[in-house]
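>>> quick one, what's the 3D model for this:
(2 chains, ligands or ions: 2)
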Amino acid sequence: MAVIGATSGTGAKARWAVLDVIVVVYALVPVLWIVSLSFKTKETIADGNFIPRSWTLQNYKDIFTTNEFLRALFNSIGIALIATAIAVVLGTMAAYAIARLDFPGKQALVGVSLLIAMFPQVSLVSPLFEMERSLGLFDTWPGLILPYITFALPLAIYTLSAFFREIPWELEKAAKMDGATPAQAFRRVIAPLAAPGVFTTAILVFIFCWNDFLFAISLTSTEASRTVPAALSFFTGSSQFEDPTGTISAAAVVITIPIILFVLFFQRRIVAGLTSGAVKG
Amino acid sequence: MAEIVLDKVTKRYPDGALAVSDVDITIADGEFIILVGPSGCGKSTTLNMIAGLEDITTGELRIDGQRVNERAPKDRDIAMVFQSYALYPHMSVRENMAFPLRLAKVDKDTVTKKVEEAARILDLGQHLDRKPGNLSGGQRQRVAMGRAIVRDPKAFLMDEPLSNLDAKLRVQMRTSVSKLQRRLGTTTVYVTHDQTEAMTLGDRVVVMRGGLVQQIGSPQFLYEQPKNLFVAGFIGSPSMNFVPGSLENGQLSTPLGAFPLTDRIRSLVESANAPREVVVGLRPEHFEDAALLDDSAKASGGAFTATVDVLESMGSDKFAYFTVDGDTATSAELDELAADLGSTDSSDSGSQLVTRLSAASAAAEGASLEVWFDSDKIQIFDPQDGRNLTLES
Ligand SMILES: Nc1ncnc2c1ncn2[C@@H]1O[C@H](COP(=O)(O)OP(=O)(O)OP(=O)(O)O)[C@@H](O)[C@H]1O
Ligand SMILES: [Mg+2]
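Residues are numbered from 1 along each chain as shown, chains lettered A, B, ... in the order given. Ligands and ions are numbered 1, 2, ... in the order given. Now for the predicted structure:
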């Protein structure tokens, strides 16, 4: 803040504006390109124009008339939501313990979760495939939810314990003095203050689960549990000889919508500075 | 309301630090007791043990005659005001104050009544629906007090509740805390490291040092009869002056000159088995401008002449600061006191003296002045263990 404050002035503002525009353009051009592709007709799809010369909604109609995409969308939403919920609940408990308690094996727990986060997922795909096959989990929802939880937990624990550490310890003591049981202190004082952290974590975990392709393609084989990223790769045109670029683009646009909604919905809950006023000034 | 007894209470933290050792305090029902001492002496630890926020390593804590060592904080019925206030930032002032009552499942009407009553006492009426984040320091402090008083607990514990306020507000709040306590008559344990707060607020003061209780008594008693050098130096503002002295045949030689001991002090010193080398303590108010005294008055004390370094006129009296040549008094306790006060004015050249003179004194900065002191009011300490050798038993 100090840096920004020190260089404020019209010149600095203009520089910031230029920088912002560059970053936004850099990030959004590919997205807009996909959006543009999704509205192009089959004939113009390869013409290289940024703005479609002839607009069509045919691609969208196509994906929603195939059962394949709707089913995948349903799988994606269900699997990502369940995995997010479980990972956030478990992560909250683990992070709270890590931030607040001293228990034997704490360092080991943190270390192991770090290890999981660093482990290359691709090396786990074949073992997981074999295991899930013999356990009957292959191509089922739990078969995807379980690995998602595993890989989302370290992320959840790290973000959440950072948030928990920010909450003044004394608030919990105060709650205890006011007559709260540990559970009440957690539910009525700590949890509301940790909410922004929980929502942030939920967003990150949801995005991770939603976007996963590796597990989705390796651990599913049918519509029963195939999620959208995997289903996209199975897209074909309405005939064999047709290029599915348009429909894939339309599907890609459609599947970013839930993420945008999810973020917008939770973003309002991420109120910065929620703990201000708890201690001192 | 309750009587709180600490019986040989000791706290050793898991890392081995001995924070509080063998503390014996009996706090009477309705008493306002102050724990005072330099930073790190174990005040907060003691308070947290009474609260139940820290386990007691050995010893017993009794509230109303019942052992409560093992009871959770919520079952002790004690309210606490934290130094940081620890207000719940997501709740309004009203909800903050109602929180203990709602946990106790008090019915809604009673909650409203009690919160409003507390808000009235603390003058928080117009802030009830604001969030703590939007309040001033003093208002937050009062909300913290309000949260403590709403449920009529057996006792209040306060850990430096005023230390985050500016000087003026602190004086103001000090008076209201004192009034509030008298009005409610609730047993209160109050932690501070400010000796003025300790002197003005408490019925009794507990002076702690390094986890040990040094002395317990009324402010006046501690002021007049400090058990050792530490208490003598800690209590009183400006603090007691210390100079080295040596005792010989009823004569005391100090950098302020040699003078005979009064009979009272002589007998006390003899029965206390005083060593030859001692530390002599003189309170600032026991000095006077010699020019203002007649000869008969002057006869009953000693006198010295020195140059006034600094003169502070307070209107009602004048504080004159001197440097007297010669050795300075040394002892572990004095070093610790100096460290706590953060005083860095190393007085290699001699002892620093603070004296309080009448407003009528003609003392002037840079001029030399003859100063008389009451030799019957001096206190003599053993530099080895710090004990007061002139204690009336
Ligand atoms: N959780 C802890 N673990 C280990 N040692 C501790 C812990 N808390 C306090 N101590 C030690 O115990 C001693 C007493 O601490 P305490 O907080 O009671 O001091 P205090 O008198 O309240 O000081 P202050 O005026 O600075 O608040 C200190 O030496 C401190 O280092
Ligand atoms: Mg403390």
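>>> low-confidence ranges, the stretch 101-250 of chain A, go.
Along the stretch 101-250 of chain A, segments meeting pLDDT under 70 span A:237-242.
>>> interface residues of it facing chain B?
Selection of the stretch 101-250 of chain A residues close to chain B by C-beta under 8 Å from any C-beta of the partner chain yields A:168, A:170-171, A:173-181, A:184, A:188-189, A:192-193. The C-beta positions use only the backbone N, C-alpha and C, and glycine is treated the same way.
>>> restrict these to those near ligand 1?
Applying C-beta under 6 Å from any ligand atom to these, one finds that nothing falls near ligand 1.
>>> buried subset of the residues you listed, written for ChimeraX?
Selecting only the buried entries of these in ChimeraX, with 16 or more other C-beta atoms under 10 Å in any protein chain shown as the criterion:
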select /A:168,170,171,173,174,175,176,177,178,179,180,188,189,193
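>>> which of the residues of the stretch 101-250 of chain A next to chain B fall in helices?
Judged by DSSP state H, helices contain the following of these: A:170-171, A:173-177, A:184, A:192-193.
>>> quick check on residue B:217: phi, psi?
For residue B:217, the backbone dihedrals (degrees, to the nearest 10) come out as phi 180, psi 180.
>>> roughly how far apart are the residue nearest to it when sequence neighbours are not counted and chain A?
Distance criterion C-beta to C-beta, 6 or more residues apart in numbering or on different chains; nearest residue to residue B:217, sequence neighbours excluded, is residue B:204 at 6.2 Å. Going from residue B:204 to chain A by C-beta to the nearest C-beta, to the nearest Å gives 24 Å.
>>> ok, residue B:225 next?
Residue B:225 is 36 Å from chain A, by C-beta to the nearest C-beta.
>>> contacts only, for that residue.
Contact analysis of residue B:225 by C-beta atoms under 8 Å, 6 or more residues apart in numbering or on different chains lists B:217, B:388, B:391-392.
>>> which SS state does residue B:360 fall under?
State at residue B:360, reduced to three classes by DSSP: H, G, I helix; E, B strand; the rest coil: coil.
>>> how many neighbours does the spatially closest residue to it that is not a sequence neighbour have?
With sequence-adjacent residues excluded and distances taken as C-beta to C-beta, 6+ apart, residue B:360 is closest to residue B:292, at 6.0 Å. Per other C-beta atoms under 10 Å in any protein chain shown, the neighbour tally for residue B:292 reads 14.
>>> touching, residue B:292 and residue B:361? I think so.
Yes - Residue B:292 is within contact range of residue B:361, at 6.3 Å (criterion: C-beta atoms under 8 Å).
>>> next one: the most centrally placed residue in chain A from ligand 1, what distance?
Here the mean C-alpha position of chain A is nearest to the C-alpha of residue A:207 (C-alpha atoms, centre = their mean), at a distance of 1.4 Å. Using C-beta to the nearest ligand atom, to the nearest Å, residue A:207 is found at 39 Å from ligand 1.
>>> mind giving me the packing neighbours of the lengthiest strand in chain B?
When chain B is parsed with DSSP state E, its longest strand is strand B:301-313. Strand B:301-313 sits against strand B:257-260, strand B:317-325, strand B:368-374, with contacts defined as 3 or more C-beta pairs under 8 Å, 6 or more residues apart in numbering or on different chains; DSSP states H and E.
>>> related to what we said a few turns ago, please check the contacts of residue B:225 and keep the buried ones.
B:217, B:388.
>>> can you put the contacts of residue B:225 in a markdown table and add distance to ligand 1?
What follows is these, written out as a markdown table (distance: C-beta to the nearest ligand atom, whole Å):
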| residue | distance to ligand 1 |
| --- | --- |
| B:217 | 19 |
| B:388 | 23 |
| B:391 | 26 |
| B:392 | 30 |
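>>> doesn't residue A:247 make contact with residue A:62?
Yes - here residue A:62 reaches residue A:247: they are 5.1 Å apart, a contact under C-beta under 8 Å.
>>> looking at the two, which is more packed in?
The neighbour count for residue A:62 versus residue A:247, taken as other C-beta under 10 Å, is higher for residue A:247 (25 against 18).
>>> can you tell me the SS state at the more buried one?
helix.
>>> touching, it and residue A:235? I think so.
Yes - taking contacts as C-beta under 8 Å, residue A:247 lies within contact range of residue A:235: 5.7 Å.
>>> how close does residue A:35 sit to residue A:109?
Residue A:35 is 44 Å from residue A:109, where distance means C-beta to C-beta, to the nearest Å.
>>> my error: substitute residue A:255 in the last question.
35 Å.
>>> looking at those two, which is more packed in?
Between residue A:255 and residue A:109, counted using other C-beta under 10 Å, residue A:255 has the larger neighbour count: 21 against 15.
>>> may I ask which helix or strand encompasses the more buried one?
helix A:245-267 (DSSP states H and E).
>>> next one: residue B:86
Counting by DSSP H and E, there is no helix or strand that carries residue B:86.
>>> can you pull the phi/psi pair for it?
Backbone torsions of residue B:86, given as degrees, to the nearest 10, read phi 50, psi 50.
>>> need the helices and strands packed on strand B:301-313 in TSV (columns: mean neighbour count).
As requested, those are exported to TSV (neighbours: other C-beta atoms under 10 Å in any protein chain shown):
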stretch	mean neighbour count
strand B:257-260	14
strand B:317-325	18
strand B:368-374	19
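>>> relative to ligand 1, which of the ones you listed is closest?
Closest to ligand 1 of the helices and strands packed on strand B:301-313 is strand B:317-325 (C-beta to the nearest ligand atom; 27.4 Å).
>>> that closest one packs against which elements?
Packed next to strand B:317-325, using 3+ C-beta pairs under 8 Å, 6+ apart, are strand B:301-313, strand B:350-358, strand B:368-374.
>>> next SSE after that strand?
Downstream of strand B:317-325, the first helix or strand assigned by DSSP H and E is helix B:332-341.
>>> list the buried residues for that next one?
Neighbour counts using 16+ other C-beta under 10 Å place B:333-334, B:336-337, B:340 of helix B:332-341 among the buried residues.
>>> now for it, which elements pack on it?
Secondary elements touching helix B:332-341 (3+ C-beta pairs under 8 Å, 6+ apart): helix B:229-234.
>>> what's in contact with the helix it packs on?
The contact list for helix B:229-234, computed with C-beta under 8 Å, 6+ apart, reads B:36-38, B:195, B:207, B:209, B:214-215, B:222, B:226, B:239-240, B:242, B:279, B:281, B:331, B:333-334, B:336-337, B:379, B:381, B:383, B:386-388.
>>> check whether it comes near ligand 1.
No - for helix B:229-234, no contact with ligand 1 is found by C-beta under 6 Å from any ligand atom; the gap never falls below 12.9 Å.
>>> quick check: which element contains residue B:146?
helix B:137-149.
>>> any idea of the angle the following helix or strand past that helix forms with helix A:169-177?
Next along the chain after helix B:137-149, taking DSSP H and E as the criterion, comes strand B:155-159. Strand B:155-159 and helix A:169-177 are oriented at 170 degrees to each other (axes from the mean of the first three to the mean of the last three C-alpha atoms, to 10 degrees).
>>> mind listing what's buried along strand B:155-159?
B:155-159.
>>> JSON lines for those, including distance to residue B:259 and pLDDT?
Formatted as JSON lines, the buried residues of strand B:155-159 follow (distance: C-beta to C-beta, whole Å; pLDDT from 0 to 100):
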{"residue": "B:155", "distance to residue B:259": "49", "pLDDT": "95"}
{"residue": "B:156", "distance to residue B:259": "48", "pLDDT": "95"}
{"residue": "B:157", "distance to residue B:259": "48", "pLDDT": "96"}
{"residue": "B:158", "distance to residue B:259": "45", "pLDDT": "95"}
{"residue": "B:159", "distance to residue B:259": "45", "pLDDT": "93"}
